[in-house]
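Visitor: quick one, fold the following:
(2 chains, ligands or ions: 2)
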Amino acid sequence: MTAVTGEAPATGSGVLGQPLDSREDPQLLRGEATYVADIDLPGTAHMAILGSPVAHAKILSIETKAAEQLPGVLKVATAADFTDVMPLPCIWIPGGVESHFPPHPYGLPGARPVLTGDTVRHVGDPIAVVVAETPRQATAALAAIAVEYEPLPVVTRADEALADGAPQLHEAVPGNLNAYWTCGDKDRTDAAIAEAEVTVELDLVNQRTINSPIEPRGAVGDYDAATGEYTLYASTQGPHNHRFLLSALVLGIPFNKLRVIAPTVGGSFGTKGYLYPDMALVLLLSKALGRPVKWVDTRTGLMNSTVQGRDHRQHVTLAGTRDGRITAVRCTSYANLGAYPSTIGPGVATALMGRSISGMYDIDAAFCEVYAAFTNTVSLGAQRGSGRAEAAFLMERLVDRYAGEIGMDPAAVRRKNLVPKEKFPYDNGLGWTYDSGNYQLNFDKAIELSGYADMPARKAEARTRGKRLGVGLATYVAICGVGPSTRMSQEGMLGGTWESANIRVHPTGEVTVIVGSASTGQSHGTVFAQVAADELGIDPDTVQVLEGDTQKAPYGQGTYGSRSYSMAAPAVALTARKIKSKLIRAGAVFLGVPEDKVVYEGGRVFEEGNEQNTKTFAELAMSMWYGWGLPAEIEPALDETTHFDPPDFNYPFGTHVAVVEIDELTGETEVVSYTAVDDAGHIGNPKIVLGQIEGSITHGLGQALMEAAVYDEQGLLISSDLTTYALPRAADVPFFTLDKTVTPSPHNPLGAKGAGEIATVPPAAAVVNAVVDALSDLGVQHIDMPLTPEKVWRRLRGEAQ
Amino acid sequence: MNGRPEQFSARPNELLVERLRDGLGLTGTKVGCDTGQCGTCVVRLDGRSVKSCLVLTASAAGSEVATIEGETTRGGELSGLQEALRQEHGTQCGFCTPGMVMALGELVDSTAGGEAPTEPEIREWLTGNLCRCTGYHSVVRGVQRACAAARAEAPSGASEPAAVAASTAAGQEV
Ligand code: FES
Ligand code: FES
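Guide: Ligands and ions are numbered 1, 2, ... in the order given. Purely as a prediction, here's the structure:
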């Protein structure tokens, strides 16, 4: 483990922390970037997948002959063709959870087959594939595959799946219960609630949502018979992780026989870190056919196969004193895992959510229990802000209910309960130890910036226009920087969760930085160059950044949970420091002075007190490449690698304020202003983080106002395209008012905290709080998301939820 | 096609986006949905932005088609709109970007000589294009910047370029 101290960022060239333009943007703006769908290897054949049209059924027979005869068709395959392929595993089994599935090597549960042969469990469950000369031929041939189903009863809600007599999804999992998981202190919490002066309760539905990156997923498999090596091009957030999972755990081939390449990836937000059947299928079929095999999903296909998010039904309780001191919080949640445990879905639904429920508050007793159940829906996975958004939602709804109950201002209640600055590191009693924070400062800044004090006047003014104005607050702490490998193993995650970076200095003084992480739109090339350039005191334009190809890059888990800047960037910084310290040792030789007289500053070394005796970075690079005159203990060349495994997670936090206006006539909710003050520690590139914050808030507003994955009683996904699943459009959001506070994390050398998705965590709570505030005089205490105009209109007319 | 004649025979049910991507290798135009909702496939047909996944290739016969590839040469200098979007970091994963550039190009061009579009007008114009990364804020700022620059350059634009409305004073601070 690397010891780190949370120092301030180096200021070698001063480029870190600067809003440099993204070097990735010009290529993207010219439409020149290559996404999976744009890859065209010679001889490529095209794959299409037959997904189940029914949510739950036994497959009685599959007839593929007719499809095989169609023009252009090269192969039709079913589960019977892949009996020696291992199932796709689930690698995050939260502590204490029993695995019911037949194990993989390494004791993991085999979560789902690459193709389903006996029982289909959700609409879209892959049954067969066709490979043909063209995509159209492949798709057309799907219709000629005849499958006979014997329908089985369907269940799509977690609580209903756990009821007596519910349809059963997996023989190995009686009662559909994958996990009963708890954290916190139940007895203490129950006692605190029983003794409390005030208690409030809510029943919440955190509806299922679909991330919908604008690029659907895709994969190209290319098997080389001469070398026995496989290459997978995929829209992935973690090429190394996919290489590990696919080679060792699914295909049963040596790790070094699989190369995974992530080309430009068109957004992900959590969904493209998962292992999907298509990734294995294109490789297997490429080997079978001796040609590259390509598959590109459709939007409807994505909606019916790519992991979905959120989906908790919760009963939550908060206890406190009459004067606003929160004493306990308790949550019982029914989490819907979908039909199969996805790669890390069970961990998202339990640990990531449950350990976060107390948020920014100093609460004496807290307890969370999660019943994670299987249903006939698409598997559950991560979703921008996953777990943490669900946690913030329940806590922030409860705080508002509590404030209403005791007649205190919601801001005053929050302020009174924030974890005080002196209490860090703070053990939240649920399993997380918050690294650092100054919550009061952050909270006060948001209250001030939002003009919170003026709201009564604004409410009165809005009424004169037929609008009801409401204001909603939400605070949050988001666990980021996944993660410390040992700590993650205690959470039940398999795999090294560290990140690495390699830096090579070329003889001419240019630098190549290679990282294990892989961008899905976060301008890694720009930011990692800033980190290296800043440490080395050189021009960032001379620094090249490579990532996304397992054959070039050292191992890293990839981009998820807002971890690249607080996991991979520290690896870059520490590697640059190794280069620097080697240059100081070598500099002593080149300058002919003792090592303690060598100063490294501004991209050169010089003799202390005699700056004339100096060598620039470029001169040093060339000298190190020649290697002439170096003593035996200094190797020639500059090529260093660091594997960064931090001592613990990091915990960004923030305060958001939503102001909404509800149209009395139509029930339409308009977000009229939105203020966010987030704290992600030291930031590498504020321009890039600004973009991520703005996108994240918009995503969160989407859940609050319009997004919902809706299944009917037959388990059919009704919202299966972009006409039926609403995403926020440009006219749905105003410009936001944004600011930050800076509390460095002590757990990495950049003082960084996660940033990318953190601002998705509070908006849903802030908006629902604002709408409930606007309707509070009607006795409304809660409305389930999404807050569609119809729903709000009914409440305006006094109808019940 | 981007100023050059192209001759081919299209299949009866062939979509323009298929011809562009698979037939002509112009992969800058993206496919993001099956329903004409996302706008990643927007190209300009006789100067008007259209969703090329909703246009039959045959029906575009005789028309001028402009795709993102025609905006610049490979690696070439960015157009005014692209440059403004670059300065405002109006793209993240970039998948929605070519469609946005093609759709917004019409807006910027059409307003270059007259009134700059207001923020609500820009947002309204953008409703045919989905972006999941940026939340549109930087895109809207980019259009404001591009319009200001275009008006400053337009011969008839006597007025000073309107100041680019920042999303927030703190925009650069986050
Ligand atoms: S691909 Fe044409 S609108 Fe989505
Ligand atoms: S930049 Fe990713 S969808 Fe717009």
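Visitor: drop to CA atoms for contacts and neighbour counts, all remaining ones
Guide: Fine.
Visitor: near B:Pro5, how many other residues are there?
Guide: Neighbours of B:Pro5 under the rule other C-alpha atoms under 10 Å in any protein chain shown: 9.
Visitor: and it, how far from B:Val43?
Guide: Separation of B:Pro5 from B:Val43 (C-alpha to C-alpha, to the nearest Å) stands at 16 Å.
Visitor: for A:Ala140, same thing?
Guide: Look at A:Ala140 and B:Val43: by C-alpha to C-alpha, they are 27 Å apart.
Visitor: just A:Lys687 next, same as before
Guide: With C-alpha to C-alpha as the criterion, A:Lys687 and B:Val43 are 29 Å apart.
Visitor: and what about B:Ser110, helix, strand or coil?
Guide: helix (DSSP: H, G, I helix; E, B strand; the rest coil).
Visitor: which pLDDT value goes with it?
Guide: Looking at B:Ser110, its pLDDT is 86.
Visitor: A:Ser333 is in contact with A:Ala158, correct?
Guide: No - A:Ala158 is beyond contact range of A:Ser333, at 9.4 Å (criterion: C-alpha atoms under 8 Å).
Visitor: which residues are in contact with both of those two?
Guide: A:His312, A:Arg313 (C-alpha atoms under 8 Å, 6 or more residues apart in numbering or on different chains).
Visitor: and these two? which has more neighbours close in?
Guide: Taking neighbours as other C-alpha under 10 Å, A:Ala158 and A:Ser333 compare with A:Ser333 leading, 28 against 25.
Visitor: which residues are in contact with the nearest residue to that one once chain neighbours are set aside?
Guide: Excluding the flanking residues, the one nearest A:Ser333 by C-alpha to C-alpha, 6 or more residues apart in numbering or on different chains is A:Gln314, at 4.3 Å. Shown in contact with A:Gln314 (C-alpha under 8 Å, 6+ apart): A:Leu202, A:Asp203, A:Leu204, A:Val205, A:Asn206, A:Cys331, A:Thr332, A:Ser333, A:Tyr334.
Visitor: confirm the fifth one sits in a strand?
Guide: Meaning A:Asn206. Yes - under three-state DSSP, A:Asn206 sits within a strand.
Visitor: quick one: pLDDT of it?
Guide: Confidence score, pLDDT, at A:Asn206: 98.
Visitor: for it, which residues count as its bridge partners?
Guide: Beta-bridge pairing of A:Asn206 under DSSP bridges involves A:His312.
Visitor: who's in contact with it?
Guide: Counting by C-alpha under 8 Å, 6+ apart, the residues that A:Asn206 touches are A:Arg310, A:Asp311, A:His312, A:Arg313, A:Gln314, A:Glu390, A:Asp784, A:Met785.
Visitor: can you give me phi and psi for A:Thr668?
Guide: Residue A:668: Glu, not Thr. With angles defined as degrees, to the nearest 10, A:Glu668 sits at phi -80, psi 130.
Visitor: leaving out chain neighbours, which residue sits closest to it?
Guide: A:Glu668's closest residue in space is A:Pro789 (C-alpha to C-alpha, 6+ apart), at 4.4 Å.
Visitor: just the pLDDT at that neighbour, thanks.
Guide: pLDDT for A:Pro789: 98.
Visitor: longest single helix anywhere in the chain?
Guide: Unless you meant another one, I'm taking chain A. helix A:569-591 (DSSP state H).
Visitor: I was thinking of chain B, sorry if that wasn't clear
Guide: Per DSSP H, chain B has its longest helix at helix B:137-153.
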